[in-house]
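>>> please find the sequence and the predicted model below.
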Amino acid sequence: MARSRRAYKCHVRKGDIVKAIAGDDADGRKTGRVLRVFPRRQVAIVEGFNLVVRHMRKSQDHPSGAIIRKEAPVAISNLRVVQRAEKRAEEETASKG
């Protein structure tokens, strides 16, 4: 049985500046740029939000191993758009007239 194609509504897009309104990062002052959006899962990766620790094994990039902090996905319901991406703002003004 084929999976149906469904449009997922998402008010956040790549490049937008957002603020966390709920969760651990919701201190009221913190903003970040959206790096990637996953509409099907209703999550987004935001620069500087929801940092998790990853232990890297020894490799050519990390000869002695490393502990890296990187962003994990955040639910888009916990984000509010503060400033739209420049390209997106231009498209909206052009369509309005």
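Okay, I see it. This structure is a prediction, so every number in the text was calculated from the model and none was measured. Numbering: from 1, shown residues only.
>>> next up, phi/psi of Glu86, please.
Note on Glu86: backbone dihedrals following degrees, to the nearest 10 are phi -60, psi -40.
>>> so it touches Gly15, yeah?
Yes: the pair Glu86 and Gly15 passes the contact test of C-beta atoms under 8 Å, sitting 7.3 Å apart. Backbone N, C-alpha and C define where each C-beta goes, glycine included.
>>> these two: which is more packed in?
Neighbours per residue, other C-beta atoms under 10 Å: of Glu86 and Gly15, the larger number sits with Gly15, 16 against 9.
>>> secondary structure class of the more buried one, three-state.
The three-state label given to Gly15 by DSSP: H, G, I helix; E, B strand; the rest coil is coil.
>>> so what's it up against?
With contact set as C-beta atoms under 8 Å, 6 or more residues apart in numbering, Gly15 has these partners: 33-34, 85-88.
>>> and the residues you listed, which of them are in strands?
Among these, DSSP state E puts 33-34 in strands.
>>> and the contacts of Gly15, which of them are buried?
Buried members of these, scored by 16 or more other C-beta atoms under 10 Å, are 34, 85.
>>> out of the contacts of Gly15, which is nearest to Asn78?
Closest approach to Asn78 among those (C-beta to C-beta): Val34, at 12.7 Å.
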